[in-house]
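Student: Coordinates only, no sequence provided:
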């Protein structure tokens with residue numbers, strides 16, 4: 001019988017090996033997929049390009065982190 005292995009989440013697509021790299025990737029992707037909150041109006045911000053964000057509610061464009069907004073609290 002096969003041994004049940006621990007799932008690594010979205011980085012499981014890499015298969016065996018790449019241990020620490022997979023853990024770092026999972027941490028980044030977990031932050032990235034959280035709903036991003038606009039720092040001005042607390043609406044939802046969406047990434048347009050690398051480091052450029054746009055708020056749907058107040059229509060402001062601003063620069064921040066590449067994949068997630070800086071100083072963003074993440075949920076576990």
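Tutor: Noted; the coordinates are in hand. Computed from a predicted model, the values in this text were never measured in an experiment.
Student: Okay, now the unreliable bits of this structure?
Tutor: Scanning the chain for pLDDT under 70 picks out 1-7, 71-76.
Student: Report the central residue of it.
Tutor: The chain has residue 32 as the residue nearest its centroid, 0.9 Å off, counting by Cα atoms, centre = their mean.
Student: Surely that one touches residue 68?
Tutor: Yes - counting by Cβ atoms under 8 Å, residue 68 is a contact partner of residue 32 at 5.3 Å. Heads up, the C-betas are built off the backbone N, CA and C, glycines and all.
Student: how about the helices in this protein?
Tutor: Using DSSP state H, the helices of the chain run over 19-32.
Student: Do you have the strands of it handy? List them.
Tutor: Per DSSP state E, the chain carries strands over the ranges 45-49, 52-55, 61-63.
Student: could I get those as CSV with distance to residue 8 and mean neighbour count?
Tutor: Below are the strands of the chain laid out as CSV (distance: least, Cβ to Cβ, whole Å; neighbours: other Cβ atoms under 10 Å):
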stretch, distance to residue 8, mean neighbour count
strand 45-49, 25, 15
strand 52-55, 29, 17
strand 61-63, 32, 12
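Student: okay if I get those strands as JSON lines plus distance to residue 24?
Tutor: Below are the strands of the chain laid out as JSON lines (distance: least, Cβ to Cβ, whole Å):
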{"stretch": "strand 45-49", "distance to residue 24": "20"}
{"stretch": "strand 52-55", "distance to residue 24": "23"}
{"stretch": "strand 61-63", "distance to residue 24": "24"}
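Student: so who does the nearest residue to residue 52 once chain neighbours are set aside touch?
Tutor: Leaving aside its chain neighbours, residue 52 sits nearest to residue 63 (5.9 Å; criterion: Cβ to Cβ, 6 or more residues apart in numbering). Contacts for residue 63 were tallied using Cβ atoms under 8 Å, 6 or more residues apart in numbering; they are 51, 52, 53.
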